[in-house]
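# Test case, fold it:
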Amino acid sequence: MRANAVILKSPDEIDAMREAGRLSAKVLRILGEHAKPGVSTLELDELAEETIRSEGGIPAFKGYGGFPGSICASINDQIIHGIPSAKAILHDGDILSIDTGATVDGWVGDNAWTFPIGKVSEEKKKLLRVTEKCMWAGLDAARTGNHLGDIGHAIQSIAEGAGFGVVRDYGGHGIGRDMHESPHIPNHGFRHWGLTLRVGMVLAIEPMINAGTHKFVTMPDGWLVCTKDGKPSAHFEKTVAITEDGPVVLTTEPDFKRPVSTESE
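Okay, here's the model as predicted:
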């Protein structure tokens, strides 16, 4: 069914999306474990494709709009859409945003996480903590009866409250058999504003938060987007279904709420 060009999913279809979500989450976790100083982003990309195909999935990003990789790999001031490269070598103190997804039985799972590489600065640690908090707040706002603006407001208020900039021109999106479906989900907004959220919507919520200005520049390759002031950026994303019982995260593995472990888990 469609409502305002948004494709609603039945409970059975949401269940069918869980395997794509699980595999996407598994890939992200494995890449995070391998993201160490001295490793190239091309090595991570190859590992992602191998892992996805080994479980019967298809890399959702590869060839999408002409994108050459199975992951987007964005380092430090790179916000999104970094093309994996043998020349992009990780160093101690970097942060690496990995965005990846898998298609299984025609359904897409999409997720992202920003990983610290070695020992990172306090500024970067704070940026990662705040951006992850923004994501969880956005996911929690994905409830029937709320509005798109409630998601954006939840994200924006946390980010700007911490003194960070919220990227305006990129945001989340609906997802299902296509990676990008309606609606577009801004990471900023006002409470009770915009499209009303309904049971059956499946959304990829993905705050992109900059340590400095929200402004960005697009690089000559037409893909890579970087912060305008050269300060670091973080990107976190999960796919969530709106159900009668509240938001249900689909890009998750059993026993792994997050793709990195903490003492509290």
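# Next, residue 157: secondary structure please.
Reducing the assignment to helix, strand or coil with DSSP: H, G, I helix; E, B strand; the rest coil, the entry for residue 157 is helix.
# Tell me which residues touch the residue sitting nearest the centre point of the chain, please.
What sits nearest the mean C-alpha location of the chain, by Cα atoms, centre = their mean, is residue 237, with 2.6 Å. Taking Cβ atoms under 8 Å, 6 or more residues apart in numbering as the criterion, residue 237 is in contact with 99, 110-113, 135, 172, 204-207, 251. (C-beta placed from N, C-alpha, C; glycine too.)
# change it to 10 Å
With contacts taken as Cβ atoms under 10 Å, 6 or more residues apart in numbering, residue 237 has the following neighbours: 24, 28, 97, 99-101, 110-114, 135, 138-139, 172, 204-208, 251.
# mind listing which of those are in helices?
24, 28, 135, 138-139 (DSSP state H).
# buried subset of those?
Taking 16 or more other Cβ atoms under 10 Å as the criterion, what is buried in the ones in helices among the contacts of residue 237 is 24, 28, 135, 138-139.
# Please tell me I have it right and residue 66 contacts residue 223.
Yes. Contact between residue 66 and residue 223 holds when scored by Cβ atoms under 10 Å: they sit 8.9 Å apart.
# who has more neighbours, these two?
A direct count of neighbours by other Cβ atoms under 10 Å for residue 66 and residue 223 places residue 223 higher, at 17 against 7.
# how much space between the closest residue to the more buried one other than its chain neighbours and residue 18?
Beyond its immediate neighbours in the sequence, the residue positioned closest to residue 223 (Cβ to Cβ, 6 or more residues apart in numbering) is residue 81, lying 4.3 Å away. Distance of residue 81 to residue 18, computed by Cβ to Cβ, to the nearest Å: 27 Å.
# Settle it for me: which of these two has more neighbours?
residue 81 (22 against 18).
# What residues does that one make contact with?
For residue 81, the set of contacting residues under the criterion of Cβ under 10 Å, 6+ apart consists of 61, 67, 69, 72-74, 97, 99, 170, 218-219, 221-226.
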